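Q: What follows is a protein structure lacking sequence information:
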Ligand SMILES: CC(C)(COP(=O)(O)OP(=O)(O)OC[C@H]1O[C@@H](n2cnc3c(N)ncnc32)[C@H](O)[C@@H]1OP(=O)(O)O)[C@@H](O)C(=O)NCCC(=O)NCCS
């Protein structure tokens, strides 16, 4: 079963995942590539906890939540939510970033992971739209965004800027609740 979980669920698996994530793939960066087990637990985890609360972070940063996408007991991806926009984020990376481990790609994990992440983001992000950015040479990620209600709202030479309306996520959840109700009525 697929679920999104915060860091500190299984340190051993989270460390291996972060250590192996590339430093940069399609603009999704990981400054902690190759990190040691000790630094992961003693330095990175406490830093993530602080940054999520907005404590002791550099001025240019906004609080950020890191979530892992688990398929049963395997971490298949990582999703990040930046809690609100600055000018730099509005014209740049936006609210949400994600990465799926190479061997698990092409199985719908990013699509479903983004769906779950939008549900969480809804409760964090104050803006009416979620901002995302994708490289023009990354059609798989653009497709993932579009399958989650994303529309291209702008572009520059190398990126598309995508927006997902909060209303889309709420509407989708309402119809899901309705379907659940209907299914239970039908005894399914
Ligand atoms: C981009 C990424 C997240 C996609 O993850 P994934 O789990 O493989 O994505 P999904 O399987 O959910 O969906 C991929 C969709 O793109 C489509 N796709 C894949 N390659 C494609 C291509 N070259 N052209 C068009 N569509 C493509 C797939 O067919 C699928 O759509 P479908 O379900 O309608 O068939 C993953 O490749 C990744 O982590 N890349 C590195 C980091 C990154 O790029 N992050 C995003 C930054 S914006």
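A: Yep, that arrived. Note that the structure is a prediction, hence the values are computed from the model and not measured.
Q: Contact residues of this structure facing the ligand?
A: Neighbours of the ligand within the chain, by C-beta under 6 Å from any ligand atom: 25-28, 98-100, 105-111, 134, 138-141, 143-144. C-beta here means a position set from N, CA and C on the backbone, and glycine is covered the same way.
Q: Go again with 8 Å.
A: Where proximity means C-beta under 8 Å from any ligand atom, the interface of the chain facing the ligand comprises 22, 25-28, 76-77, 97-102, 104-114, 132-135, 138-145, 147.
Q: Okay, and which of those map to strands?
A: Secondary-structure check on the residues of the chain next to the ligand using DSSP state E: residues within strands are 25, 28, 76-77, 97-100, 132-135.
Q: Distance-wise, check the closest residue to residue 158 other than its chain neighbours relative to the ligand.
A: Of all residues beyond its chain neighbours, the one nearest residue 158 is residue 136 (5.6 Å), with distances taken as C-beta to C-beta, 6 or more residues apart in numbering. Per C-beta to the nearest ligand atom, to the nearest Å, residue 136 is found 11 Å from the ligand.
Q: Helix or strand: which one has residue 50?
A: Of the helices and strands defined by DSSP states H and E, residue 50 is found in helix 45-53.
Q: So which elements touch that helix?
A: For helix 45-53, the helices and strands in contact under the criterion 3 or more C-beta pairs under 8 Å, 6 or more residues apart in numbering; DSSP states H and E are strand 64-71.
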